[in-house]
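>>> following is a predicted model, sequence given first.
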2 protein chains.
Amino acid sequence: MADAGRAELSVADHVEGVRRGDRAVLARTITLIESRAPAHADKAAAVLAALAPAAGGSIRVGITGVPGVGKSTFIEALGMHLIDAGHRVAVLAVDPSSTVSRGSILGDKTRMERLSREPRAYIRPSPTAGTLGGVTRRSRETILVCEAAGFDVVLVETVGVGQSEVAVRSMVDAFLLLMLTGAGDELQGIKKGVIELADAIVVHKADGDNLDAARRTRADFESALRYLAPATEGWTTRALTASSVTGEGVAEVWETVDEFVAATRQSGAFERRRRAQVLDWLRSMVEQRLVGRFEAHDGVRALRPEVEAAVLDGRLSVPAAVDRLLERYES
Amino acid sequence: MADAGRAELSVADHVEGVRRGDRAVLARTITLIESRAPAHADKAAAVLAALAPAAGGSIRVGITGVPGVGKSTFIEALGMHLIDAGHRVAVLAVDPSSTVSRGSILGDKTRMERLSREPRAYIRPSPTAGTLGGVTRRSRETILVCEAAGFDVVLVETVGVGQSEVAVRSMVDAFLLLMLTGAGDELQGIKKGVIELADAIVVHKADGDNLDAARRTRADFESALRYLAPATEGWTTRALTASSVTGEGVAEVWETVDEFVAATRQSGAFERRRRAQVLDWLRSMVEQRLVGRFEAHDGVRALRPEVEAAVLDGRLSVPAAVDRLLERYES
C-alpha cells in the first residue's frame, strides 16, 4: 500500500533519505528490509551495508509487560520526557490491531497520539500476527536503520509472551519490565522467566487509589529480586513505580537507564554485551539467509508438501526426509 | 575413548545391533550420532533412516528441576518402579561431572547405581558442558535410537535453566517438574516459565520431617496452577508429592503419566503434539544440516576469524560480513 504508485527508490535514494532523516524514506526502507520477496533481498542487504557504519549510536531499550499493563501509554510518557530532554526517539511498537505485514499506521496513531505527532519521534508499528510478540525477524536491522537516521534512543516494545523477550533482550542494552500491582499479579505475569531478563521492573499505574498498593508491590519486587540472578553482570535490578497519567516516576525510570548505561560502560559489561550481540546477529543472519535460500528453492518448494505428508503418515522417517529435501536442493 | 582399538561398525552392524538391543552397539550408535565429525554425518544419517521405522513406540517423558531437587534419585526410583512393572526404560541423563563430549559412565554410575545395573534399563549420560542443560543437539535422534532398541519408556532429564526445558518439551509427550518444599522455593525455581511447561509438578523429598511441609507446598502449587494456562490442551496440570527414599508417591507419578497419555490420546492432543514435533524436528534438522555444511566449509572456516574480528572492530557491518561469508561459501 505504502509504495503504490510511487517510483522505486535506488539503493542511494534509500541510504541518503535515511541519513537525512526523511521519514517517508525511512518507512519505505524498513518496509524493504522486512520484505520477504526474494527480489528485495539484495537491495536490502546493500542498503543495510551502506547504513551500518552510521549505526550503533543509540541507547537501545527493550520494554515488555503483559497486555493491559499500559505499555503504549508508558512509552508515550517516556518518549515525551525524552523528547523534552533533547533526545530523538524511535519506537519499534507492537500493533495489536494489525494482521497485515506492512504495519498499520492507524493502530499506532491511536495508541501513542502525542508521540506520533512529534517530529523528533518515529514510531514503527509491527504487526503481532505471525511474528514473535511483535518482534520481527528484522528488528535488529530496523534498530540499525533508525540509528543511521539519527535517533539516539530506540525503544523496542514487546508483549509478555516469553520467547519474544529473549529475542529482544539479545538486541537491546537495557530491558524494562512493566508490572501491575494487585494480588495474584505475580501469577498473571505468565512467563516468570521474563523477570530475570529485566534490568529494572517498573510498577506501572502508580497513581490515585492505586498508589499505596503500587509502592507495596515495588517493595515486594525489591525483596524478590534478591533471590534472582541479575540480568546484567554487575548491575542490581531495580524496582520502581511510575504513572503515565501523573507523569510521576517517569523521569526516574530514564535516570535509572542512564545510571545503568554509565555503570555498565564503566565495567565493560555494556561493550561486552554489544560485542556478543553482534556475533549472535552475524550467526543468526547467516542462518536466516541459508534457510531462506533453501525455502525459496523451486525444487524444495515442489517436493516439500509431499515429503511432509509422508513423514506425518509414517511412510518416511525424519532423517530420510531431510536427506530427500537436501538432495533436491543440491541437484 | 569408547571406540579405541575397536573395528569400525558398518551401517548394518549398527542397525542390527541396536534392533537386537546390544548395549555396546547402542552406546556406539549414539556416539556416532552425536559426533560432530563431518566424516560421520552420512553414516549417522543412514543408520537413523534405517532405524526410524522401528521408533516412536515409547512414552517420552521430560523430567526437570533445579540442581539439588534430587532428579537422579527420583529417576532411579521411578525407573525401578517401571522396571518392576515390566517396562524397559531408557534414560537420557545429565552428567554434571563430565565436561567431555563422550559422556562419562562413571559420573552416571554413581548417580543411579541400582538402575544402571538393571539389564532392562539403559542410561545415557550427556555432558552438560557446552550443551543446553544436558540436552544435546542430538537428543531427538537418541530417543529414536532407544525406541528402535526396544525401550518403551524414555526419560529425558534436564536441568532447570529455562531454554533446555523448552527444547525438551518439544521432544517429549509428558513433562514433569520436580520441586522442593520450603519458603522461597518459588523464587529458587529460577526460571518460572518452566512451570507452564509441566503436565505434573512433583514436590520431591516428601518424607520424614519434611512430609507435612511438602503436602502444604503441593496444595499451594495446586492453587497457583489455576492461574496458569495448561501445558497440554485439555489436561489440567497436577501437583503431587513423592519420596525417593520411602518410595511413597512414585507409583502415583507414573499413574498420572498413564492417565495423561490415555486422556490426550483420546482427545487427539497426543497425536497432534507428536505430528507438530515431527515437523518441528524436520525443520530443525534441515537447519542444522544447512548450518553444519556452511560451518564445515573450508573457505568459510578460513575467512571467519578475520570477518568476525572486522565486525567487532567496527570495520565491517554485520550485513556486509554476512555477504562476504556467503560469497565465499558459494564460490
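The structure has been received and is ready for your questions.
>>> quick check: next helix or strand after the strand or helix carrying A:A27?
Per DSSP states H and E: A:A27 is located in helix A:23-34. Moving toward the C-terminus from helix A:23-34, the next helix or strand (DSSP H and E) is helix A:38-51.
>>> and that next one, what does it pack against?
Contacts defined by 3 or more C-beta pairs under 8 Å, 6 or more residues apart in numbering or on different chains; DSSP states H and E place helix A:38-51 against helix A:11-19, helix A:23-34, helix A:139-148, helix B:318-330. C-betas here are computed from N, CA, C, even on glycine.
>>> what's the angle from the longest one to helix A:23-34?
Read it as helix B:318-330. Taking axes from the mean of the first three to the mean of the last three C-alpha atoms, to 10 degrees, helix B:318-330 and helix A:23-34 form an angle of 30 degrees between their directions.
>>> list the buried residues for helix B:318-330?
Neighbour-count burial for helix B:318-330, counted by 16 or more other C-beta atoms under 10 Å in any protein chain shown, picks out B:V318, B:P319, B:A320, B:A321, B:V322, B:D323, B:R324, B:L325, B:L326, B:R328, B:Y329.
>>> so what touches stretch A:15-32?
A:2-3, A:9, A:13-14, A:40, A:43-44, A:47, A:50-51, A:54, A:102, A:122, A:124, A:138, A:142, A:145-146, A:148-150 (C-beta atoms under 8 Å, 6 or more residues apart in numbering or on different chains).
>>> quick check: end-to-end length of it?
12 Å (C-alpha to C-alpha, to the nearest Å).
>>> same check on stretch A:169-180?
From start residue to end residue, stretch A:169-180 stretches across 21 Å - C-alpha to C-alpha.
>>> what residues are up against A:I75?
Under the criterion of C-beta under 8 Å, 6+ apart, the neighbours of A:I75 are A:I63, A:V91, A:A93, A:M112, A:L115, A:L155, A:E157.
>>> one more time with 7 Å, if that's ok
A:I63, A:V91, A:M112, A:L155, A:E157 (C-beta atoms under 7 Å, 6 or more residues apart in numbering or on different chains).
>>> show me the two of those that sit farthest apart.
Taking C-beta to C-beta, the two most distant members of the contacts of A:I75 are A:I63 and A:M112; they sit 12.3 Å apart.
>>> and those two? which has more neighbours close in?
Between A:I63 and A:M112, A:I63 has the larger neighbour count (other C-beta atoms under 10 Å in any protein chain shown), namely 27 against 24.
>>> ok, now which ones touch A:C146?
A:A90, A:Y122, A:V154.
>>> which stretches of the stretch 151-300 of chain A form helices?
A:163-169, A:185-188, A:211-225, A:250-267, A:269-296, A:298-313 (DSSP state H, counting those that start in this stretch).
>>> pull the distance from the first one to the chain's centre.
The chain centroid and the centroid of helix A:163-169 are separated by 8 Å, computed with C-alpha atoms, centre = their mean, to the nearest Å.
>>> likewise the third one?
For helix A:211-225, the distance between its averaged C-alpha position and the chain's averaged C-alpha position is 27 Å (C-alpha atoms, centre = their mean).
>>> re the thing from before, among the helices and strands packed on helix A:38-51, which comes closest to A:T264?
Nearest to A:T264, of the helices and strands packed on helix A:38-51 and by C-beta to C-beta, is helix A:139-148 at 18.0 Å.
>>> right, so the helices of the stretch 151-300 of chain A: which one is the most enclosed?
helix A:163-169 (a mean of 23; mean count of other C-beta atoms under 10 Å in any protein chain shown).
>>> which elements pack onto it?
Where contact means 3 or more C-beta pairs under 7 Å, 6 or more residues apart in numbering or on different chains; DSSP states H and E, helix A:163-169 is packed against strand A:59-65, strand A:153-159.
>>> of the ones you listed, which is nearest chain B?
Closest approach to chain B among the helices and strands packed on helix A:163-169 (C-beta to the nearest C-beta): strand A:59-65, 13.2 Å.
>>> hang on, the earlier thing: could I get the buried residues of helix B:318-330 in CSV, plus columns for pLDDT and distance to chain A?
Below are the buried residues of helix B:318-330 laid out as CSV (pLDDT from 0 to 100; distance: C-beta to the nearest C-beta, whole Å):
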residue, pLDDT, distance to chain A
B:V318, 87, 5
B:P319, 82, 4
B:A320, 85, 4
B:A321, 92, 6
B:V322, 91, 5
B:D323, 89, 6
B:R324, 93, 10
B:L325, 96, 6
B:L326, 94, 6
B:R328, 95, 11
B:Y329, 94, 8
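>>> partner strands of the helix or strand A:V91 falls within, with direction?
In the assignment (DSSP H and E), A:V91 maps to strand A:89-95. Strand A:89-95 has the following strand partners under DSSP bridges: strand A:121-127 (parallel), strand A:153-159 (parallel).
>>> mean pLDDT lowest where, among those?
Here the strands paired with strand A:89-95 differ in mean pLDDT, and the lowest is strand A:121-127 at a mean of 85.
>>> got the CA positions of that one in CSV?
Output of strand A:121-127 as CSV, limited to C-alpha atoms (Å, rounded to 0.1, in the frame of the first residue of the first chain):
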residue,chain,number,x,y,z
ALA,A,121,10.0,10.8,17.3
TYR,A,122,9.4,8.0,14.9
ILE,A,123,7.0,5.1,15.7
ARG,A,124,7.2,1.9,13.6
PRO,A,125,4.4,-0.4,14.4
SER,A,126,4.9,-4.1,13.8
PRO,A,127,2.0,-6.5,13.4
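>>> that one vs helix A:139-148, what angle?
Using the same axes, to 10 degrees, strand A:121-127 lies at 160 degrees relative to helix A:139-148.
>>> run the chain-centre distance for strand A:121-127.
For strand A:121-127, the distance to the chain centre is 10 Å (C-alpha atoms, centre = their mean).
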